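Trainee: with the sequence up front, the predicted model follows.
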Amino acid sequence: MVGPNGAGKTTIFRLITREEEPDKGDIIYAKNIKIGYFSQDVGEMKGRSALKEVMAEASDVVLLGKEIRAMEQEMAIPMDDDAMAALLEHYGNKVEAFEHRGGYDLESRAQVILTGLGIGPDDYHRPVESFSGGWKMRIALAKILTVQPDVLLLDEPTNHLDMESIIWLENWLANDFKGAVLMTCHDHDFMNRLVTRIVEVANHTVTLYTGNYDFYIKEREIRREQLLATYRRQQEMLAKEEEFIARFAARASHASQVQSRIKKIEKIERIEIPPEQRRIAFSFSEPPRSGDDVIALSDVGKIWPLPDGKNKSVFSGISGMIRRGDKIAVVGVNGAGKSTFLKVLAEKTQATSGTVTIGANVSTGYFSQHAMDILDPRKTVFETVQDALPMASMGVVRNLLAAFLFQGDDVEKRVQMLSGGEKSRVVLATLLGRPINLLILDEPTNHLDILAREVLLEALKSFAGTIVIVSHDRHFLRSLVSRVFAIDHGEMIAYEGNYEYYTDKIKAKT
């Protein structure tokens, strides 16, 4: 399901799961259908290990197993033929249901899914309350996948997942899951790989498209052009009819013809053109020119102290050069140290060893999820951006906000009322509106919907400075970056080519 925020996608999920009732019409379910729903609200988790939390979601399957074992014991007791026949029939139904729900390999499946989502054997038995919010989202997703429902409802399943977990989930849904999937998603590549139909929810209606996301984008434009052409023809016809009515309304000799045409145009169903969310083109000011060598790294290492007094080496021996105009993706498995590396580049933390040399006339802008947390909740969107750009005129601030999809009354919203995606857009607007020539971006696409991602992508593609970015959006990276720094087992390998070049090299190694 695709569509703008607020169009009703989540409401459709809630109707399917019976959390809400339709005002009219019916929702018809197949007999004994099992629905699994993953939403961004994970609920409370505590008192269990990660593995037991996942297993608890399949408590009905565990209960089925207990019933089957009880019936097997009952069969050992002598009984008449009719009672045995009834028991065997009941037993057969339970076994069939148990097999259908994957009861025989429940625990091993839970372990495979947890591992695939980045929670390995060392963390199976960690208390769920010790995991951060993002990791709890992974546990919640593992719970839904483990129960093997007939229908999976997935609300933004790739949020909070790193690249490796996204690829694992993609493969699992494509190859291992046998049921139906209905999802909302902002990951272009993920949808292209998995979906065969698109349901567009917009303008109080739904429109169906058969094909993947790329097909939908092309087909939607074709349909809109066809609708516009039909609309123009109808407007021309109505104008002619109305001109005839106006010219001859006062003539008795044409009275019947006039009345006939009035009735005709009253019966015509008027074609309406659904509004499109306008995207404002904003010309970002040319950043001051930095030196050719933006950041030089020589044998850089970082060690974090642990609570038990020991130290953890994040990476070591990293050397390389970031040059003016580079657009670099930093990639690596979860926990490889990508975010720490960006903090070192942005001078938010100091390297433990080696040297980081910032080049001449380098002005840095740094984005992380933490930047959203330090926004003043009492200020409006307009005030927040105006404070960051004190020399900008009111018109410039409004145009900048419009470029990041804040238009009309939206600019007067207080920060405390904004969604995660809206807060991200505010912070990104304050960054890109400033005269900086080095952007260091840690997961800037998190929480952004597809339209907002496209806006950001276009802004970054036209940015004349240098960019270093961590993102799990493959489409975004493929469209933007010219070099890749891969952090692997504490070391860094520079790939002197775009994201496709990097993935081709990785495939060749495997």
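Mentor: Sure thing, it's come through. Here the structure is a predicted model, which is why all the values come from computation and not from measurement. Numbers count the residues shown, from 1 in each chain.
Trainee: just the C-alphas of stretch 224-242, formatted as CSV.
Mentor: The C-alpha trace of stretch 224-242 is given here as CSV (Å, rounded to 0.1, in the frame of the first residue of the first chain):
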residue,chain,number,x,y,z
ARG,A,224,-2.8,10.7,-14.9
GLU,A,225,-2.0,12.0,-18.4
GLN,A,226,-5.0,10.1,-19.8
LEU,A,227,-7.2,11.5,-17.1
LEU,A,228,-6.0,15.0,-17.9
ALA,A,229,-6.7,14.6,-21.6
THR,A,230,-10.2,13.3,-20.8
TYR,A,231,-10.7,16.2,-18.4
ARG,A,232,-9.7,18.7,-21.0
ARG,A,233,-12.0,17.2,-23.6
GLN,A,234,-14.9,17.3,-21.1
GLN,A,235,-14.1,20.9,-20.2
GLU,A,236,-14.1,21.9,-23.9
MET,A,237,-17.5,20.1,-24.5
LEU,A,238,-19.0,21.8,-21.4
ALA,A,239,-17.8,25.2,-22.5
LYS,A,240,-19.5,24.7,-25.9
GLU,A,241,-22.7,23.6,-24.3
GLU,A,242,-22.7,26.5,-21.8
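Trainee: next one: residue 327 from residue 363, what distance?
Mentor: Look at residue 327 and residue 363: by CB to CB, to the nearest Å, they are 17 Å apart. No exception for glycine: its C-beta is placed from N, CA and C like everyone else's.
Trainee: more neighbours, the two?
Mentor: residue 327 (20 against 13; other CB atoms under 10 Å).
Trainee: I figured that one hits residue 485, correct?
Mentor: No - Residue 327 is beyond contact range of residue 485, at 11.6 Å (criterion: CB atoms under 8 Å).
Trainee: where in this structure is pLDDT low?
Mentor: 276-283, 510 (pLDDT under 70).
Trainee: residue nearest the middle of it, spatially speaking?
Mentor: In the chain, the centroid-proximal residue (CA atoms, centre = their mean) is residue 186; its distance is 3.8 Å.
Trainee: residues contacting that residue?
Mentor: Counting by CB atoms under 8 Å, 6 or more residues apart in numbering, residue 186 touches 156, 158, 445, 448-450, 453.
Trainee: then residue 478?
Mentor: Contacts of residue 478 (CB under 8 Å, 6+ apart): 498-500.
Trainee: what strand or helix carries it?
Mentor: Secondary structure assignment for residue 478, by DSSP states H and E: helix 474-480.
Trainee: other residues contacting the helix or strand just after that helix?
Mentor: As assigned by DSSP H and E, the chain's next helix or strand after helix 474-480 is strand 483-488. Strand 483-488 has contacts (CB under 8 Å, 6+ apart) with 315, 318, 320, 326-333, 336-338, 341, 468, 492-499, 501-502.
Trainee: can you flag the buried ones in those?
Mentor: 315, 318, 326-333, 336-338, 341, 468, 492, 495, 498-499, 502 (16 or more other CB atoms under 10 Å).
Trainee: the helices in the stretch 51-200 of the chain, which residues?
Mentor: 59-75, 81-100, 106-116, 133-146, 163-175, 188-194 (DSSP state H, counting those that start in this stretch).
Trainee: equivalent analysis for the stretch 201-350 of the chain, please.
Mentor: 213-248, 255-267, 338-345.
Trainee: just name the most buried of those helices.
Mentor: helix 338-345 (a mean of 22; mean count of other CB atoms under 10 Å).
Trainee: angle of that one against strand 483-488?
Mentor: 120 degrees (axes from the mean of the first three to the mean of the last three CA atoms, to 10 degrees).
Trainee: other SSEs contacting the very next helix or strand once past helix 338-345?
Mentor: Going down the chain from helix 338-345, the next helix or strand is strand 353-358, by DSSP H and E. Packing partners of strand 353-358 (3 or more CB pairs under 8 Å, 6 or more residues apart in numbering; DSSP states H and E): strand 293-305, strand 311-323.
Trainee: thinking again about what came up before, tabulate the helices of the stretch 51-200 of the chain (JSON lines), appending mean neighbour count.
Mentor: Listed next are those as JSON lines, based on neighbours: other CB atoms under 10 Å:
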{"stretch": "helix 59-75", "mean neighbour count": "14"}
{"stretch": "helix 81-100", "mean neighbour count": "13"}
{"stretch": "helix 106-116", "mean neighbour count": "19"}
{"stretch": "helix 133-146", "mean neighbour count": "21"}
{"stretch": "helix 163-175", "mean neighbour count": "17"}
{"stretch": "helix 188-194", "mean neighbour count": "20"}
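Trainee: run through who's touching stretch 408-421.
Mentor: 5, 372, 375-382, 384, 398, 401, 406, 422-423, 426, 446-449, 452.
Trainee: can you list the buried residues in that stretch?
Mentor: 411, 415, 418, 421.
Trainee: wait, isn't residue 448 in contact with residue 426?
Mentor: No - judged on CB under 8 Å, residue 448 makes no contact with residue 426 at a distance of 11.8 Å.
Trainee: tell me the bridge partners for residue 364.
Mentor: residue 438 (DSSP bridges).
Trainee: gap between it and residue 439?
Mentor: 8 Å.
Trainee: those two - which one has more neighbours?
Mentor: residue 439 (24 against 20).
Trainee: ok, that one touching residue 365?
Mentor: Yes - when contacts are counted by CB under 8 Å, residue 439 is listed as touching residue 365 (5.2 Å).
Trainee: so what's in contact with those two at the same time?
Mentor: 431-432.
Trainee: about what we covered before: mind giving me the PyMOL command for buried ones among the contacts of stretch 408-421?
Mentor: Burial among the contacts of stretch 408-421 is assessed by 16+ other CB under 10 Å; the matching PyMOL selection reads:
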select buried, resi 372+375+379+380+381+382+384+398+401+406+422+423+426+446+447+448+449+452
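Trainee: in helices, which of the contacts of stretch 408-421 appear?
Mentor: Residues of the contacts of stretch 408-421 located in helices (DSSP state H): 372, 381-382, 384, 398, 401, 422-423, 426, 452.
Trainee: which one of the residues you listed sits closest to residue 273?
Mentor: residue 452 (23.5 Å; CB to CB).
Trainee: adding distance to residue 75, write the helices of the stretch 201-350 of the chain out as TSV.
Mentor: Below are the helices of the stretch 201-350 of the chain laid out as TSV (distance: least, CB to CB, whole Å):
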stretch	distance to residue 75
helix 213-248	53
helix 255-267	72
helix 338-345	58
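Trainee: among those helices, which is nearest residue 431?
Mentor: Per CB to CB, nearest to residue 431 of the helices of the stretch 201-350 of the chain: helix 338-345, 13.9 Å.
Trainee: okay, stretch 254-274 in PDB with CA atoms only?
Mentor: In PDB, the C-alpha atoms belonging to stretch 254-274 read as follows (Å, rounded to 0.1, in the frame of the first residue of the first chain):
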ATOM      1  CA  HIS A 254     -34.600  27.700 -29.000                       C
ATOM      2  CA  ALA A 255     -36.200  27.100 -25.600                       C
ATOM      3  CA  SER A 256     -36.500  23.300 -26.000                       C
ATOM      4  CA  GLN A 257     -32.900  23.000 -27.200                       C
ATOM      5  CA  VAL A 258     -31.700  25.100 -24.300                       C
ATOM      6  CA  GLN A 259     -33.600  23.000 -21.800                       C
ATOM      7  CA  SER A 260     -32.300  19.800 -23.400                       C
ATOM      8  CA  ARG A 261     -28.700  20.900 -23.100                       C
ATOM      9  CA  ILE A 262     -29.200  22.100 -19.500                       C
ATOM     10  CA  LYS A 263     -30.500  18.600 -18.600                       C
ATOM     11  CA  LYS A 264     -27.600  17.000 -20.500                       C
ATOM     12  CA  ILE A 265     -24.900  18.900 -18.700                       C
ATOM     13  CA  GLU A 266     -26.600  18.300 -15.300                       C
ATOM     14  CA  LYS A 267     -26.400  14.600 -15.800                       C
ATOM     15  CA  ILE A 268     -22.800  14.500 -16.800                       C
ATOM     16  CA  GLU A 269     -20.500  13.100 -14.100                       C
ATOM     17  CA  ARG A 270     -17.700  15.700 -13.800                       C
ATOM     18  CA  ILE A 271     -14.200  14.500 -14.000                       C
ATOM     19  CA  GLU A 272     -12.100  15.600 -11.100                       C
ATOM     20  CA  ILE A 273      -8.300  15.900 -11.200                       C
ATOM     21  CA  PRO A 274      -6.900  14.700  -7.800                       C
END
